[in-house]
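Peer 1: build me a model:
(one chain, ligands or ions: 2)
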Amino acid sequence: MQNSQRPILVTGGAGFIGSNFVLQWLATEGTPVVNLDKLTYAGNPNNLASLASNNAYTLVQGDICDRGLVDRLLRQHRPRAIVHFAAESHVDRSILGPEEFLRTNIHGTFVLLEAARQHHASLEGEERSGFRFLHVSTDEVYGTLAPDEAAFHEDTPYAPNSPYAASKAASDHLVRAWTHTYGLPTLVTNCSNNYGPYQFPEKLLPLMVTHALQGKPLPVYGDGQQVRDWLYVADHCSAIRAVLEKGRVGETYNVGGNNQRSNLEVVHALCSLLDELVPASQFAPHASLVTMVKDRPGHDRRYAIDARKIEAEIGWQPEESFETGLRKTVEWYLANSAWVDNVTSGAYQQWMQKNYAGRAETNGASSAEAAAANAAQTAARGAK
Ligand code: NAD
Ligand code: TYD
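Peer 2: Numbering: from 1, shown residues only. Ligands and ions are numbered 1, 2, ... in the order given. Below is the predicted model of the structure:
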């Protein structure tokens, strides 16, 4: 079999980005995909229901921490690449319960790296030289930026602030070490906040859409002036495909959407769009539902990605602007209310209670302290 026709092994392919990636991969590349996913609360096989009769797609329910299982999959499928998405991914959950983040994000990545190392050592010829381990990571490993500070580039020192970010930073360091020490051919992508179809409605955008449609309060943390660089998920998936094809082994590529927006700007843009797309809504104007609530502890003030390296070396650029991506996203949620109903059942309600019960409504002023703490951290970085 030609190496380019071999399967890829995707981890976490039933989650938000992973399922968009698997769908895009099979629609464009068409070569087989084996998806190893534990199907936690965030993994939803329904995202990939359209692949039910596609012989090129295999779902294996299992844990990336299970070395025996990973070894068996590598022996059985001999993938040409591992694309590693599987993670605990929600900052708020990491604050309320960090242990699972350390287990999956750090230990799970270690298990995959060790299995990949052994597998790679057993390969020969083109199969060996073409093998890649692509680790999907986040811009949150770089910490927080002041409003006028330059965007994160690939050499920005790591300064993770949340348990989630720390666990991803640790996994990035493991990947680096496995390349440097053992010669495992790895690639790392660090991307900004994704949005789009199939995102679990505990993250900002889908949470706000689903709440607005039900006339529930739209809980904005702190003063709502935290800035994120929004990346449409299909653009992120095309970036990963491009890095897999053309990335230089051992390199990191930052992936961003060139769309810096404050959380309040995002929520207001969403509300205006809902006013337009659901004109008969009894909850319009939806902006009246915006409610300032107690801030997230340690809330990073600003993330922004400098994506010049991936553009210059690989020729990748995002296709969607925030306006076009937001419209596609909202239209998807409006057209897929059954998907939303299905994922917002019992366990989801318990999470909402756990995360929001203690966040009494505020006037948005409580963020002054958080802003001061962020400014101190930024100043400390400058002084190093
Ligand atoms: P997600 O939470 O939606 O999905 C995670 C998937 O991993 C789920 O399908 C889950 O079942 C699976 N999983 C969790 N633990 C597992 C384990 N031990 N073994 C096997 N599978 C397991 O996450 P996402 O938003 O799709 O993020 C995917 C990757 O991208 C993550 O590594 C995340 O850190 C990174 N990332 C996400 C964003 C974002 O905005 N969503 C931004 C930057 C980086
Ligand atoms: P989130 O989607 O959790 O991503 P991340 O923390 O990885 O950036 O949150 C995006 C931003 O939205 C972040 O600044 C926190 C904020 N936020 C709210 O203001 N209210 C909410 O209910 C949620 C979930 C997030």
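
Peer 1: nearest to ligand 1: which residue in this protein?
Peer 2: Nearest residue of the chain to ligand 1, counting by CB to the nearest ligand atom: G15, 2.0 Å away. Heads up, the C-betas are built off the backbone N, CA and C, glycines and all.

Peer 1: can you tell me which residues in the stretch 101-250 of the chain are near ligand 1?
Peer 2: When proximity is defined by CB under 6 Å from any ligand atom, the stretch 101-250 of the chain lies next to ligand 1 at T104, G108, V136, T138, K168, C191, N193, N194, F200.

Peer 1: looking at those, which are in helices?
Peer 2: With helices defined by DSSP state H, the entries of those inside them are K168.

Peer 1: pick out the most distant pair among the residues of the stretch 101-250 of the chain next to ligand 1.
Peer 2: The largest distance within these, taken as CB to CB, falls between G108 and N193 and amounts to 22.2 Å.

Peer 1: and those two? which has more neighbours close in?
Peer 2: Neighbour tally, G108 and N193, criterion other CB atoms under 10 Å: the higher count belongs to G108, 25 against 22.

Peer 1: would you check that the more buried one makes contact with E88?
Peer 2: No: using CB atoms under 8 Å, G108 is not in contact with E88, being 9.3 Å away.

Peer 1: shaky segments in this structure?
Peer 2: Counting by pLDDT under 70, the chain shows low-confidence ranges at 365-384.

Peer 1: let me see the contact set for L273.
Peer 2: By CB atoms under 8 Å, 6 or more residues apart in numbering, the contact set of L273 is L326, R327, V330.

Peer 1: and the first one, how many neighbours?
Peer 2: Pointing back at L326 there. Using other CB under 10 Å, L326 has 24 other residues around it.

Peer 1: and it, what element?
Peer 2: helix 322-335 (DSSP states H and E).

Peer 1: how far does the very next helix or strand once past that helix sit from the chain's center?
Peer 2: Downstream of helix 322-335, the first helix or strand assigned by DSSP H and E is helix 337-343. From the chain centre to the centre of helix 337-343 is a distance of 21 Å (CA atoms, centre = their mean, to the nearest Å).

Peer 1: next helix or strand past helix 337-343?
Peer 2: Going down the chain from helix 337-343, the next helix or strand is helix 346-356, by DSSP H and E.

Peer 1: what residues sit buried inside that next one?
Peer 2: By neighbour count, with 16 or more other CB atoms under 10 Å as the criterion, the buried positions of helix 346-356 are Y348, W351, M352, N355.

Peer 1: same check on stretch 121-141?
Peer 2: Neighbour counts over stretch 121-141 (16+ other CB under 10 Å) mark E127, F131, R132, F133, L134, H135, V136, S137, T138, D139, E140, V141 as buried.

Peer 1: residues of stretch 266-281 that come out buried?
Peer 2: Within stretch 266-281, the residues that count as buried by 16+ other CB under 10 Å are V266, V267, H268, A269, L270, C271, L273, L274, D275, V278.

Peer 1: stretch 311-328 and ligand 2 in contact?
Peer 2: No: contact of stretch 311-328 with ligand 2 (CB under 6 Å from any ligand atom) is absent, the minimum separation being 13.9 Å.

Peer 1: residues in contact with that stretch?
Peer 2: The contact list for stretch 311-328, computed with CB under 8 Å, 6+ apart, reads 195-197, 205, 230-232, 234-235, 238-239, 242-243, 246-248, 253, 255-259, 261, 269-270, 273, 307, 310.

Peer 1: so how far is the first residue of it from its last?
Peer 2: End-to-end distance for stretch 311-328, by CA to CA, to the nearest Å: 24 Å.

Peer 1: next one: stretch 208-223
Peer 2: Stretch 208-223 end-to-end distance (CA to CA) = 16 Å.

Peer 1: let me see the contact set for V70.
Peer 2: Contacts of V70 by CB under 8 Å, 6+ apart are L36, I64, V111, L112, A115.

Peer 1: sort out for me which of these are in strands.
Peer 2: Judged by DSSP state E, these include L36 as members of strands.

Peer 1: restricted to buried residues, select the contacts of V70 in ChimeraX.
Peer 2: One line in ChimeraX is enough to select the buried ones among those; burial here means 16+ other CB under 10 Å:
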select :36,64,111,112,115
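
Peer 1: quick revisit: look up phi and psi at the residue of the chain closest to ligand 1.
Peer 2: Main-chain dihedrals, G15, degrees, to the nearest 10: phi -90, psi -170.

Peer 1: need the contact list for it.
Peer 2: Taking CB under 8 Å, 6+ apart as the test, what G15 contacts is D37, A42, G43, N44, F85, A86, S89, F200.

Peer 1: kindly report the same for N20.
Peer 2: Neighbour list for N20: G196, P197, Y198, V233, A234, H236, C237 [criterion: CB under 8 Å, 6+ apart].

Peer 1: could you measure from the third one over to S192?
Peer 2: Look at Y198 and S192: by CB to CB, to the nearest Å, they are 18 Å apart.

Peer 1: for G130, same thing?
Peer 2: For G130, the distance to S192 equals 29 Å [CB to CB].

Peer 1: what do you get for N258?
Peer 2: According to CB to CB, N258 stands 9 Å off from S192.

Peer 1: compare these two (neighbour count), which wins?
Peer 2: Neighbours were counted for N258 and for S192 using other CB under 10 Å; S192 has more, 25 against 18.

Peer 1: once you drop chain neighbours, what's closest to G62?
Peer 2: Ranked by CB to CB, 6 or more residues apart in numbering and with sequence neighbours excluded, the top spatial neighbour of G62 is L69, at 4.7 Å.

Peer 1: could I get whatever helix or strand the one you found lives in in CSV with only the CA atoms?
Peer 2: Element membership for L69, per DSSP H and E: helix 67-77. Only the C-alpha atoms of helix 67-77 are listed here, as CSV (Å, rounded to 0.1, in the frame of the first residue of the first chain):
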residue,chain,number,x,y,z
ARG,A,67,-1.3,1.5,26.4
GLY,A,68,-2.3,-2.0,25.4
LEU,A,69,-5.2,-0.6,23.3
VAL,A,70,-3.1,2.0,21.6
ASP,A,71,-0.4,-0.6,20.8
ARG,A,72,-3.0,-2.9,19.3
LEU,A,73,-4.5,-0.1,17.1
LEU,A,74,-1.0,0.9,15.8
ARG,A,75,-0.2,-2.8,15.0
GLN,A,76,-3.6,-3.4,13.4
HIS,A,77,-4.0,-0.3,11.3
